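[1] need a structure here:
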Amino acid sequence: MQKILSKLYRISPAISLLSLPVGYAVIRPTGLGLYAFLGGWYLLQRSCARGAMFRNSTGLKIALSGKVVMVTGGNTGLGYETCLELCRMGAHVILACRDLSKGRSAVQKIQSKVPNGKITLMQLDLASRRSIENFVQEYKQMSLPSLDILVNNAGVMMCPYETTAEGWETQFGTNHLGHYLLTHLLLPELLRSSAPRVVNVSSGANQSMTPTKEAPIDIEAYAKVAPGAYDSRYSYGVSKLCNAMHARELSRLNPTLTAVSLHPGVVLTELGRYFAFNMTHPWIGWVLQKTLLPLFLKYPNEGCQTTLHCCINEVKKGGYYADCAISSRVHPTLLDDARCADLTALSKRLLKL
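    Numbers count the residues shown, from 1 in each chain. As a prediction, the model looks like this:
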């Protein structure tokens, strides 16, 4: 069923567009018939667009009581929905985000929905090494038994050229290097857990927005790319490919730890705020965002389903997931263990670890 839903999701825009003339020819709607037709079309489109939904493979009630789960970027979008659902399952959730005011608002919303939920707000700026190191130090001072699941969810997408506090291009520095450093520093806490997991939220852009699938990608060139050579799409795609490669190599290096990566789908979140900026005519992008795109994209509570699957269900170490199932649609570089090992060596060198 999940494979069928996954295929429907990929072709859902075509299904929906073709259903309009076919439906009109069959129904020839007038009056209430038109509303019934449009309502049916909308329900068909939403059922296709949402993709597979998380199901607990054991069939037992999920109980994460006593488990500590950390989610980066937990104040909005996928991160918020992930925190909400994990709280409902009884986990002690560490909501890590850059903006504390937005974080407090998110915590209040979660607590209003899960009054007995255990959630701790902590400040984390993945574009700053000092912030990451301070965050880890503060977490250790909480003296929790272990960290059971780390969800590397936060990210930036296709933003205008900027650099992090250490001078790395923002997308590479935040999406990959920031999460790599965070995971590296938290590894001792994770390895104290009986079944530690790291879940890296990657993206299908690791295939569609990378410069080439054939020639080796010069990943280091994207760390400090010059403004004139910057391509926001490629920089995003390469950073997301690094997320997946990181998870694969992390699992290989740590036999007792399970690390996976995933594509959540194309989701309607704040992450797409630069979508219009990257179009030749930005106003067209703005109109699409406000009108048609919401029909074809997942909502955040739908987009977090694969993350939940990777947190809870049995998964393949180092695997890449989409629509709550292992995906065969991967970049060839991800399957190259030598390249994944090279990325680890490069990351350590850039971060001076």
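
[2] residues touching the spatially most central residue of the chain, list them.
    Computing the C-alpha centroid of the chain and ranking residues by CA atoms, centre = their mean puts residue 201 first, at 3.1 Å. For residue 201, the contact set (CB atoms under 8 Å, 6 or more residues apart in numbering) comprises 78, 151-153, 155, 243, 261-262, 264, 307. Quick note: C-beta positions are derived from backbone N, CA and C, even for glycine.

[3] in helices, which of those appear?
    Counting by DSSP state H, the members of these that fall within helices are 78, 243, 307.

[4] would you map the strands across the stretch 1-150 of the chain?
    68-72, 92-97, 118-123, 149-152 (DSSP state E, counting those that start in this stretch).

[5] what strands flank the first one, and is each parallel or antiparallel?
    The partner list of strand 68-72 in its sheet, established with DSSP bridges, is strand 92-97 (parallel), strand 149-152 (parallel).

[6] which stretch among these comes nearest residue 66?
    Each of the strands paired with strand 68-72 was checked against residue 66 via CB to CB, and the shortest separation belongs to strand 92-97, namely 7.7 Å.

[7] ok, residue 161 - contacts?
    The contact partners of residue 161, by CB under 8 Å, 6+ apart, come to 169-170, 227, 230, 232.

[8] go again with 7 Å.
    The neighbours of residue 161, taking CB atoms under 7 Å, 6 or more residues apart in numbering as the test, are 227, 230.

[9] cool, residue 153 as well?
    71-73, 78-79, 82, 201.

[10] if we can go back for a sec, and of the strands of the stretch 1-150 of the chain, who's closest to residue 165?
    When those are ranked by proximity to residue 165, the top entry is strand 118-123, at 14.6 Å, counting by CB to CB.

[11] in the closest one, what's buried?
    Of the residues in strand 118-123, those buried by neighbour count under the rule 16 or more other CB atoms under 10 Å are 119, 121-122.

[12] about what we covered before: now the strands paired with strand 68-72 in TSV, with distance to residue 111?
    Rendered in TSV, the data for these read as follows (distance: least, CB to CB, whole Å):
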stretch	distance to residue 111
strand 92-97	11
strand 149-152	19
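
[13] mean pLDDT, distance to residue 219 and mean neighbour count for those - can I get that in a markdown table?
    Converted to a markdown table, those look like this (pLDDT from 0 to 100; distance: least, CB to CB, whole Å; neighbours: other CB atoms under 10 Å):
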| stretch | mean pLDDT | distance to residue 219 | mean neighbour count |
| --- | --- | --- | --- |
| strand 92-97 | 98 | 26 | 27 |
| strand 149-152 | 98 | 18 | 28 |
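
[14] on that earlier part again, among the ones in helices among the contacts of residue 201, who's most crowded?
    Per-residue neighbour counts (other CB atoms under 10 Å) across the ones in helices among the contacts of residue 201 peak at residue 78, which has 29 neighbours.

[15] count of neighbours near the closest residue to residue 343 other than its chain neighbours?
    Of all residues not flanking residue 343 in the chain, residue 245 sits nearest, at 4.9 Å (CB to CB, 6 or more residues apart in numbering). Residue 245: 31 surrounding residues under other CB under 10 Å.

[16] so residue 245 is in which element?
    Here residue 245 is covered by helix 232-253, with elements defined by DSSP states H and E.

[17] show me what that helix is packed up against.
    For helix 232-253, the helices and strands in contact under the criterion 3 or more CB pairs under 7 Å, 6 or more residues apart in numbering; DSSP states H and E are helix 170-171, helix 179-190, strand 197-201, helix 205-208, strand 258-263, helix 337-351.

[18] try 10 Å this time
    Helix 232-253 sits against strand 149-152, helix 170-171, helix 179-190, strand 197-201, helix 205-208, strand 258-263, strand 320-322, helix 337-351, with contacts defined as 3 or more CB pairs under 10 Å, 6 or more residues apart in numbering; DSSP states H and E.

[19] can you add distance to residue 103 and give those back as a markdown table?
    What follows is the helices and strands packed on helix 232-253, written out as a markdown table (distance: least, CB to CB, whole Å):
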| stretch | distance to residue 103 |
| --- | --- |
| strand 149-152 | 15 |
| helix 170-171 | 21 |
| helix 179-190 | 17 |
| strand 197-201 | 18 |
| helix 205-208 | 26 |
| strand 258-263 | 23 |
| strand 320-322 | 27 |
| helix 337-351 | 26 |
